[in-house]
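Novice: Okay, sequence plus prediction incoming.
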Amino acid sequence: MKKPKVLILRSAGTNCDFETANALRFVGAEPRRVHVNEIKSGKTRLMNFDMLVIPGGFSYGDDVGAGRILANQVRLYLKDLRQFIRLGRPVMGICNGFQVLVKAGILPCSNTCEQTAGFTFNDSGRFEARWVHVRINTQSSSLFFKGLPEMIELPVAHAEGKLVLKSPRQLEELKKNKTIAMQYVSDDGKLSGYPFNPNGSIFNIAALSNPEGNCLGMMPHPERFTSIHHHPNWTRQTFHKEGVGLAMFRNAVDYCR
Amino acid sequence: MKETQQTLVMSQPAVPPREAEGSDFASFNSLSPKELKSLSDKQLWSLNESELSAVQAHFKSIGRPPTRAEIETIAQTWSEHCKHKTFRSPIRYTEGKKTRLIKSLFEETIAKATKQAMKPWCLSVFKDNAGIVSFGKNGRWALAYKVETHNHPCAIEPYGGAETGVGGVIRDVLGAGLGAKPVLNTDIFCFARPDYDAPLPENALHPKRVLRSVVAGVRDYGNRMGIPTAAGAIWFDDDFRLNPLVFVGTVGVMPSWAVKKEIRPGDLIVAVGGPTGRDGLHGATFSSASLEDAPTSAVQIGHAINEKKLLDALLEARDRRLYGFATDCGAGGFSSAIGEMAAVCGGAEVKLDAAHIKALDLAPWELWLSESQERMVLAVSPKNLKALKDVFAAESCGLSVLGEFTNSRKLRVHYKDQKIVELDLKFLHHGVPLVERSAVWQPETPKASSSKAPRKSASEVLREALGHLNVCSREWVIRQYDHEVQGGMVIKPLQGVRHDGPGDACVIWPHAATGDFEDFSGFAVGHGINPSYGKVDPYRMALACADEALRNLLCVGADVTAAAFLDNFCWASPEDPRQLGALVRAAQGCHDAAVGFGVPFISGKDSLYNQSKDLGGKDLPIPGTVLISALAPLSDVRKALTMDIKGPGNPLYLIGWTSEELGGSLYNQICGLSGGEAPEVEVRSAADSFKAASAAIQKGLVLSAHDLSEGGLAVAAAEMAFSGEFGVRLDLDAMARSNHIYSNEVLLFSESPSRVLLEVKPECEQALLKGLKGVPVRRIGVTLANPILKVIGLDGMVTMEEPLSALKEIWQASLPKRCR
């Protein structure tokens, strides 16, 4: 079977690239961790890959805002990213990668290259790592969610995860075109406040998709739930067959085949 | 863009030095001892009279005065921080009426015990920058573990001090062997209460600010490095208000071939990482002095992303085998790193001109001594230089060639056309005169615990204990750390139904970071720290800490028979004979723990002079503190265990003997009592019961396990119950105990060591008892569907019945409330 080639984009401060590569390897892909310097120099080209993942971490220390510098580099050196997405190839931004996609103007999807949303500090004022419940938007056309239950658990770990939008109208548009891919919910599935919504994100948004469904940005970390032994309660429960995060990567990799 | 500019600035050569080198101390050789001492104090060398006269004698014998860079090099090499003089000098030790000479405290306690308890899987012990043990299937891998302290910097600048403490210990592990990939950070703090409300001296920071800033520093550095911070402890005692303790540790994993390192004459001296500035001058010498003398430049400035670049580039270069030796620049900067490497190889010829700098007016001696962070030194064969440069350039990480290693027996340092250092290596590394000190330990006749009956009921004591700062939930801190990055955290620090119970230890599957997916071996780390026991008897404190660290490991299913210890001593001035006497006691405790448990020490560190002038001008020493960290493997992480009760109707077994041991206990504190015996570990029998219990857990007979520590049985049972959301009924009369205990409170709150509470599968009771033959173990209760903690007293009556939700609320609210 074909081994889809996946580019995992790194920069100084990226730190989830290795486990993201592990997850992709588990589902039969051929991941390669590529430093943005290599794209900049022209040594490696995005178009030679079947899929792109921008993993989590603190690119350039998040020093002037989470993901800001890498987002500028994406604009400058990955000029063919919009074309890549238009061709239907899967693109995934996780945590810092989601922040990069938003600050590079890729998500939420718009016709311009302008940034239309942003991230700010968690309402708690602190970096926080915890497992959360998220509800997947079953109406979304996202290719990543095939076969997943509506309610899943995943870990989040961030300081600037609160999504903010330009206007209430933008939120209505996102709802209308079904691009709100995931929302934070309480354990009984309701939209709830802290700590269920770990950062105070508007409308409890945890992930955004493009309308076509091949580009996904998410704050939770699917690469940290690829085995039942990642779940905080695996010593109590036995109902998980595999980590739901792994299924998301499998969907994307199967789609590439 | 920023990167390019930085490189431009860095590659400019330093501008001419501000002051001529060499001529500063022209009259050094003719100074009187008194003049020498006042010069040393002025220059912050922290050298004592006999050391100064040894330096003077040496330079007289070679017929020239020293240069500034030379004395600075000697001062930092001979500092307490680098040489651990207290542990290596002779001590005249008096205990009671007996006096004896200890030639070297280190050799006669830690090292001696380790020789006795040495195991074939110990790959590098007290030699390298971290202790290294074999790991994984077929010994293909190795783990490096180091715990450091950064106490003095954290007292002055807690955020920066904590950051650079983390950065430093990570580099220790990167500089162990050819470099290990960090997979776990640990953090242990000792602070005063965050709501401390008495006046403090003018230069002291408030304990709440210290706590918040230290946590933020550990968080921001560790999170940015992508290393999970997932194990540790916090101890509160107001005597830490002027000198907080900040212990930071790192565990790294490496292929076993990377343990060996060597330098050949002709290898290039290659500095990698960040540029050098003026930050952190005199860090080594200042950590050997009291805080009042500290200059502001003594605390370094951290930059995690520079270190992340260094880590990424270094491990890539390691796997391509592009260098033969690595060490980090810690205290003393280049002078220490290159000085130590020169001693390994037999000499070095250093040319500082090419060093990347970030302060243009840096004098050559400052460049040589600066402790700027995120730098390491490699020994590189000239044929590999080109490839090495490519690897570091690909990560935008700095690299400069600073000369070569030789076998000249000399350390020579040049800057442009000046020679700023020419030192004989033997004198530098072995010339320090050791001074005999005296130490006294007066055993106090233990006063019986004050007999006045406490007016608090068992329920009241339990509630206060759960809300006590040394017991309450650490979730507020733990959640600020990214404890899941790397995807190897199999047992997390917070456990139970709602992921908020106090786990005994975390379990790491490091192969998420190595890619060896067929190997399910993992490891756990545990800690023991209890300065309260130390106030009663430092010897018993050390044993109790070792005992607790092992029980932490036991409770998550690690194999305690293959455990390794690390020691960290934090003490006040060793020049005070009583302080030094207490330190000797503690070191003896470490010796007896290692021998008795058969667990070797693989690494250790001491931090002394932790005392400062309090209001009124009197010195406030910290309580003498030993931290024991322990590391043990699990052959299959999928068999690990957590501490939360798993279901109703399961029998509860208590391993270990309960005596009236309330000296230094939480119960005494809560009830305002004093005196009493500090918990005493019967090491041999404890070792046997741990071995048996460990085997039972690994066989899968046990559903949950939790160690009994501060607050004794009552606190441990409450924590297990509210974390699992199932009730517990305890019958105190069933406990294995000393005959003369007639008090329910003593049974509930005594802190007798070596005890573990187990929830056992009902069908496995017989197997458990068979496995624990000869071990004091009793069935003392059962788990309940009803979420309560119910205790049947010695008289057969219900002595306590508490709803779990109320207990948990008290336990959870305490720390956040005080840290706001």
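Specialist: Nice, I can see it.
Novice: for chain B, what are the nearby residues on chain A?
Specialist: Within chain A, the residues that sit near chain B (C-beta under 8 Å from any C-beta of the partner chain) are A:12-16, A:18-19, A:22-23, A:35, A:37-38, A:56-58, A:60-61, A:63, A:69, A:126-131, A:155, A:157, A:221, A:223-224, A:226, A:229-230, A:232-233, A:235-236. For every residue, glycine as well, the C-beta is placed using N, CA and C.
Novice: Now do the SS call for B:Y533.
Specialist: Following DSSP: H, G, I helix; E, B strand; the rest coil, B:Y533 is assigned to helix.
Novice: ok, now which ones touch it?
Specialist: The contact partners of B:Y533, taken as C-beta atoms under 8 Å, 6 or more residues apart in numbering or on different chains, are B:540-541, B:544, B:663-664, B:678-679.
Novice: just the strands in the stretch 51-200 of chain B please.
Specialist: B:91-95, B:98-102, B:122-124, B:131-135, B:141-149, B:181-191 (DSSP state E, counting those that start in this stretch).
Novice: go on, the stretch 51-200 of chain A?
Specialist: A:51-54, A:91-94, A:117-120, A:128-136, A:151-158, A:162-165, A:180-185.
Novice: Rebuild these as a markdown table, extending it with distance to B:N151 and mean pLDDT.
Specialist: Shown next, in a markdown table, are the strands of the stretch 51-200 of chain A (distance: least, C-beta to C-beta, whole Å; pLDDT from 0 to 100):
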| stretch | distance to B:N151 | mean pLDDT |
| --- | --- | --- |
| strand A:51-54 | 40 | 98 |
| strand A:91-94 | 38 | 98 |
| strand A:117-120 | 36 | 96 |
| strand A:128-136 | 27 | 97 |
| strand A:151-158 | 29 | 97 |
| strand A:162-165 | 36 | 97 |
| strand A:180-185 | 40 | 98 |
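Novice: Indicate which one of these is closest to A:T44.
Specialist: When the strands of the stretch 51-200 of chain A are compared by C-beta to C-beta, strand A:51-54 sits nearest A:T44, at 11.7 Å.
Novice: Quick check: chain neighbours aside, which residue is closest to A:Q73?
Specialist: In this structure, A:Q73 finds its nearest non-sequential neighbour in A:V36, 5.2 Å apart by C-beta to C-beta, 6 or more residues apart in numbering or on different chains.
Novice: again, but for A:E114
Specialist: Here the residue nearest A:E114, using C-beta to C-beta, 6+ apart, is A:G105, at 5.4 Å.
Novice: Distance of the one you found relative to chain B?
Specialist: Separation of A:G105 from chain B (C-beta to the nearest C-beta, to the nearest Å): 19 Å.
Novice: among the contacts of B:Y533, which are in strands?
Specialist: Among the contacts of B:Y533, no member falls in strands (DSSP state E).
Novice: so how far is A:I69 from the residue of the stretch 301-450 of chain B found nearest chain A?
Specialist: When distances are taken as C-beta to the nearest C-beta, the stretch 301-450 of chain B reaches nearest to chain A at B:I305, 4.2 Å away. B:I305 is 10 Å from A:I69, where distance means C-beta to C-beta, to the nearest Å.
Novice: and the strands of the stretch 51-200 of chain A as TSV, adding mean neighbour count?
Specialist: Shown next, in TSV, are the strands of the stretch 51-200 of chain A (neighbours: other C-beta atoms under 10 Å in any protein chain shown):
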stretch	mean neighbour count
strand A:51-54	28
strand A:91-94	27
strand A:117-120	20
strand A:128-136	22
strand A:151-158	23
strand A:162-165	20
strand A:180-185	23
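Novice: Just tell me which of these ends up closest to B:V477.
Specialist: Nearest of the strands of the stretch 51-200 of chain A to B:V477, taken as C-beta to C-beta: strand A:128-136 at 11.3 Å.
Novice: picking up where we left off before, I'd guessed the residue nearest to A:E114 sits against A:T116; true?
Specialist: Yes. Counting by C-beta atoms under 8 Å, A:G105 touches A:T116, with 7.0 Å between them.
Novice: Would you state the helices of the stretch 151-257 of chain A in chain order?
Specialist: A:168-176, A:244-256 (DSSP state H, counting those that start in this stretch).
Novice: Can you give me the buried ones in the first one?
Specialist: Within helix A:168-176, the residues that qualify as buried are A:171, A:173-174, counting by 16 or more other C-beta atoms under 10 Å in any protein chain shown.
Novice: Now do the contacts for whichever residue of chain B sits closest to chain A.
Specialist: The minimum distance from chain B to chain A, using C-beta to the nearest C-beta, falls at B:G226 (2.4 Å). Taking C-beta under 8 Å, 6+ apart, we find B:G226 in contact with A:14-16, A:57-58, B:308, B:482, B:485-486.
Novice: where does the stretch 301-450 of chain B have low pLDDT?
Specialist: Filtered on pLDDT under 70, the stretch 301-450 of chain B yields the residue ranges B:445-450.
Novice: quick check, distance from stretch B:566-586 to the centre of its chain.
Specialist: Put simply, stretch B:566-586 sits 16 Å off its chain's centre (C-alpha atoms, centre = their mean, to the nearest Å).
Novice: Please name the residues that touch the nearest residue to A:Q99 once chain neighbours are set aside.
Specialist: Of all residues not flanking A:Q99 in the chain, A:G67 sits nearest, at 3.4 Å (C-beta to C-beta, 6+ apart). Listed by C-beta under 8 Å, 6+ apart, the contact partners of A:G67 are A:59, A:96-100, A:102-103, A:119.
Novice: Quick one, grab the pLDDT at A:G67.
Specialist: A:G67 is assigned 96 on the pLDDT scale.
Novice: Any stretches of the stretch 1-150 of chain B with poor pLDDT?
Specialist: In the stretch 1-150 of chain B (pLDDT under 70), the answer is B:1-23.
Novice: redo that, cut-off 50
Specialist: For the stretch 1-150 of chain B, applying pLDDT under 50 flags the ranges B:1-22.
Novice: Distance of the residue of chain A found nearest chain B relative to B:R241?
Specialist: Chain A approaches chain B most closely through A:N15 (2.4 Å), counting by C-beta to the nearest C-beta. Note on A:N15: its distance to B:R241, by C-beta to C-beta, is 36 Å.
Novice: Is it possible to get TSV of the strands of the stretch 51-200 of chain B that adds mean neighbour count?
Specialist: Formatted as TSV, those follow (neighbours: other C-beta under 10 Å):
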stretch	mean neighbour count
strand B:91-95	19
strand B:98-102	11
strand B:122-124	20
strand B:131-135	25
strand B:141-149	27
strand B:181-191	26
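Novice: May I see those strands arranged in a markdown table, with distance to B:D319 as well?
Specialist: A markdown table is the format used below for the strands of the stretch 51-200 of chain B (distance: least, C-beta to C-beta, whole Å):
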| stretch | distance to B:D319 |
| --- | --- |
| strand B:91-95 | 46 |
| strand B:98-102 | 45 |
| strand B:122-124 | 19 |
| strand B:131-135 | 18 |
| strand B:141-149 | 14 |
| strand B:181-191 | 10 |
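Novice: can you list the ones you listed in a markdown table and add distance to chain A?
Specialist: Formatted as a markdown table, those follow (distance: least, C-beta to the nearest C-beta, whole Å):
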| stretch | distance to chain A |
| --- | --- |
| strand B:91-95 | 46 |
| strand B:98-102 | 46 |
| strand B:122-124 | 24 |
| strand B:131-135 | 18 |
| strand B:141-149 | 16 |
| strand B:181-191 | 9 |
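Novice: Kindly state which of those strands is positioned closest to B:G333.
Specialist: The closest of the strands of the stretch 51-200 of chain B to B:G333 is strand B:141-149. By C-beta to C-beta, the value is 16.1 Å.
Novice: Alright, I will stop here.
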